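Colleague: Model the structure of this input:
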Amino acid sequence: MKIPYILSFFVLSLSAACRNDDANKQQVMLKDYNIIIAPDLSNRINTHLYPKPIHDTVLIREVISHSDELLKLHNRSSGQLDVYKLDFINRGILNTSSFDPKRMTIDFNRFSNNQLDRVSYIRKGLKSDVKAFSNEVNRVYDYALKNQSGADVWNYFNETIKSSLVDVSPKRINGDSKIIVDKKNTNVLLLLTDGYIESTNKGRGYRLGSELVTKIRKDYNASGKRDLAAFIQSDSTYAINRTDFNLKDVNIFIAELVDRSLDPSGAAKEQPTDFQIIKVIWEKWLKDSGCANVKVIQAVNTKEQFYQEFKQFLKTL
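Modeller: Alright, predicted model coming up:
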């Protein structure tokens with residue numbers, strides 16, 4: 001056998017051996033969360049118009065104040081690089097005010113090269129940063145309440161959100177004779193909204209208002225059908241247009257939908273309810289746009305319930 005053939009055979013054999021060796025190792029995937037909190041600051045935050053049990057600002061503080069606990073999700077014990085930040089659906093607010101995005105960010109990623117500093121920060125600095133975050137969010141809501149503007153949620157998903165996302169490609173961070181360790185970021189959007197989509201684009205497929213909800217309810221009840229989701233999904237005129245931007249790298253938790261078809265005691269005035277209709281449309285829209293993980297919940301009665309719902313969503317990712 002000629003030498004070149006011998007060398008080629010050796011290289012191929014070595015490559016195959018390495019692949020088999022990797023296949024026999026335990027593979028572990030570690031996750032860091034990039035958590036984006038995006039509140040709909042339209043007139044839904046006016047509690048006189050749309051009262052709800054818990055104010056957004058209380059719910060936001062509940063999440064960030066548990067950031068140290070969420071670091072331990074999926075049995076993580078060290079090296080977590082989670083980031084929490086407030087994002088603006090309408091970023092014009094930033095251009096017309098004096099808000100500091102850094103004050104509305106909890107960033108464990110900045111300690112990627114110094115774990116001792118990270119531990120010290122969790123013990124001594126995190127609490128004050130949570131307070132600063134909450135105070136700045138309170139200022140944002142006070143400003144938005146006095147300076148009403150719409151929230152173009154469709155365009156937020158189609159364009160604005162891009163700059164808040166991080167690369168989710170796994171990276172090899174460690175390996176030895178028995179284990180392979182990869183690490184990846186997981187983008188999570190926590191969207192606080194009432195579920196109604198009021199886009200500046202007046203065309204069909206960009207808005208979800210009371211008129212469309214009422215029409216769907218009337219059409220469904222007249223149809224004699226028994227499967228609401230199948231009925232809505234079968235008619236393209238009810239759908240929100242999928243985004244041009246693929247949302248495959250985003251996991252979306254939508255909260256605080258206030259069902260306007262309920263009376264003050266919580267009883268449904270009409271069937272199906274607004275929430276039942278809106279939930280189907282949102283889920284179809286976002287999944288059609290590429291998002292694999294979507295959860296939609298109504299307004300909750302306690303901040304503890306809200307936190308547990310969000311924590312459980314993170315556990316599924």
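
Colleague: so who does residue 134 touch?
Modeller: Taking Cβ atoms under 8 Å, 6 or more residues apart in numbering as the criterion, residue 134 is in contact with 57, 60, 61, 64. Every residue, glycine included, has its C-beta placed from N, CA and C.

Colleague: following the one helix or strand in the chain whose mean pLDDT sits lowest, which helix or strand shows up next?
Modeller: Ranked by mean pLDDT, DSSP states H and E, the weakest helix or strand in the chain is helix 3-23, scoring a mean of 49. Note on helix 3-23: by DSSP states H and E, the next helix or strand toward the C-terminus is strand 26-39.

Colleague: Output the contacting helices and strands for that following strand.
Modeller: The contact analysis (3 or more Cβ pairs under 8 Å, 6 or more residues apart in numbering; DSSP states H and E) places strand 26-39 against helix 56-64, strand 83-86, strand 179-192.

Colleague: could these be laid out in CSV, adding distance to residue 156, mean pLDDT and mean neighbour count?
Modeller: Below are these laid out as CSV (distance: least, Cβ to Cβ, whole Å; pLDDT from 0 to 100; neighbours: other Cβ atoms under 10 Å):
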stretch, distance to residue 156, mean pLDDT, mean neighbour count
helix 56-64, 16, 98, 20
strand 83-86, 13, 98, 20
strand 179-192, 9, 94, 19
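
Colleague: possible to save the ones you listed as JSON lines with distance to residue 125?
Modeller: Compiled in JSON lines, these are given as follows (distance: least, Cβ to Cβ, whole Å):
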{"stretch": "helix 56-64", "distance to residue 125": "14"}
{"stretch": "strand 83-86", "distance to residue 125": "14"}
{"stretch": "strand 179-192", "distance to residue 125": "23"}
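
Colleague: which one of those lies closest to residue 109?
Modeller: Residue 109 lies closest, by Cβ to Cβ, to one member of these: strand 83-86, at 5.3 Å.

Colleague: For the following helix or strand past that closest one, give the mean pLDDT please.
Modeller: Tracing the chain past strand 83-86, the next element assigned as helix or strand by DSSP H and E is helix 92-95. Mean pLDDT, helix 92-95: 74.

Colleague: gap between helix 92-95 and the chain center?
Modeller: 22 Å (Cα atoms, centre = their mean, to the nearest Å).

Colleague: Ok, stretch 54-62 next?
Modeller: The chain centroid and the centroid of stretch 54-62 are separated by 16 Å under Cα atoms, centre = their mean.

Colleague: Tell me how far the residue positioned nearest the centre of the chain lies from residue 264.
Modeller: Closest residue to the average C-alpha location of the chain: residue 189 at 1.6 Å, with Cα atoms, centre = their mean. The gap separating residue 189 from residue 264 is 31 Å, by Cβ to Cβ, to the nearest Å.

Colleague: Equivalent analysis for residue 278, please.
Modeller: Using Cβ to Cβ, residue 278 is found at 20 Å from residue 264.

Colleague: Tell me which of the two has more neighbours.
Modeller: residue 278 (26 against 6; other Cβ atoms under 10 Å).
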